[in-house]
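Chemist: sequence-free structure coming up:
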DNA sequence: AATATTAATCGTAATATTGCAATATAGTAT
DNA sequence: ATACTATATTGCAATATTACGATTAATATT
């Protein structure tokens, strides 16, 4: 097998999982870290920041973009990347549900 | 290849990626949803809630437990699972960094 | 003790991800 | 036009994930 049974889960569950999957690699966390650090758009020097070859970085950027976590716009012959803040709302909302819940509601553990 | 180059990233980046990976499947989101809904430990009726076979669910539970997102304690001949609220602090903190940032800092996009 | 219940583990097939060399594409500059 | 620069795509090998049947281990019930 190996194929996720997406049909049996809700749209929201699949969407949350997809967002989490986009974050599920240290290189992609590192890319987001970098975009946050420079606090602005960045035109392609991400490759120099990472210990990975250019095609690999390009692939990770594509996954982040597909998931909606970053945006990219063409700027001459380079490309300008930046964080897409709005796209993170769903994930943050999910965490808020968990952490705003009162502690100690569990009957065991 | 297929093997992630964890050595080249920071401890924090690897840890965040590992947490995200644990969330990166709709079944595991569904398990967390269910644990939040019943707001308590649940002894194995998670299998009945999901469209997956018992060994598959057991495997997903193991991943969530390894990542620290849930806890499990033995209760007779069944096992009691519940959310581990504390373990989510890191992920939430990461999102806070992103969303507390002022909007409009991007020069393009 | 014999049987049932609950959940983990093993083995394995199908599929997905990771990483990179090689190549392609598209814009810039000379 | 030619060469250069920046990024994407392709193809492929190594590895990881997903799913489940079969089995196992442990406790409960009769």
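Modeler: Received it, and whenever you're ready, just let me know what you need. These numbers were taken from a predicted model, which means no experiment stands behind them.
Chemist: Would stretch A:13-25 count as contacting chain B?
Modeler: Yes. For stretch A:13-25, a contact with chain B is found by Cβ under 8 Å from any Cβ of the partner chain, at A:13, A:14, A:16, A:17, A:20, A:21, A:23, A:24, A:25. Just so you know, the C-beta spots here come from the backbone N, C-alpha and C atoms, and that holds for glycine as well.
Chemist: As CSV, those with neighbour count and secondary structure would be great.
Modeler: Formatted as CSV, the residues of stretch A:13-25 next to chain B follow (neighbours: other Cβ atoms under 10 Å in any protein chain shown; DSSP: H, G, I helix; E, B strand; the rest coil):
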residue, neighbour count, secondary structure
A:13, 19, helix
A:14, 18, helix
A:16, 25, helix
A:17, 22, helix
A:20, 23, helix
A:21, 18, helix
A:23, 26, helix
A:24, 22, coil
A:25, 25, coil
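Chemist: out of those residues, who's nearest residue B:39?
Modeler: Comparing the residues of stretch A:13-25 next to chain B against residue B:39 with Cβ to Cβ picks out residue A:13 as the nearest, at 18.5 Å.
Chemist: Wait, the closest one touches residue B:26, no?
Modeler: Yes. Between residue A:13 and residue B:26 there is a contact under Cβ atoms under 8 Å: 4.3 Å.
Chemist: can you pull the buried residues of stretch A:30-41?
Modeler: A:30, A:31, A:32, A:33, A:35, A:36, A:41 (16 or more other Cβ atoms under 10 Å in any protein chain shown).
Chemist: From the residues you listed, which land in helices?
Modeler: Secondary structure defined by DSSP state H assigns A:30, A:31, A:32, A:33, A:35, A:36 of the buried residues of stretch A:30-41 to helices.
Chemist: Excluding chain neighbours, give the residue nearest to the fifth one in space.
Modeler: Put plainly, it is residue A:35. The shortest distance from residue A:35 to any residue other than its chain neighbours is 5.0 Å, reached at residue A:83 (Cβ to Cβ, 6 or more residues apart in numbering or on different chains).
Chemist: so the one you found makes contact with residue A:34?
Modeler: No. Residue A:83 is beyond contact range of residue A:34, at 10.1 Å (criterion: Cβ under 8 Å).
Chemist: Residue A:56 - that's part of a strand, no?
Modeler: No. Using DSSP: H, G, I helix; E, B strand; the rest coil, the assignment for residue A:56 is helix, not a strand.
Chemist: Thank you, goodbye.
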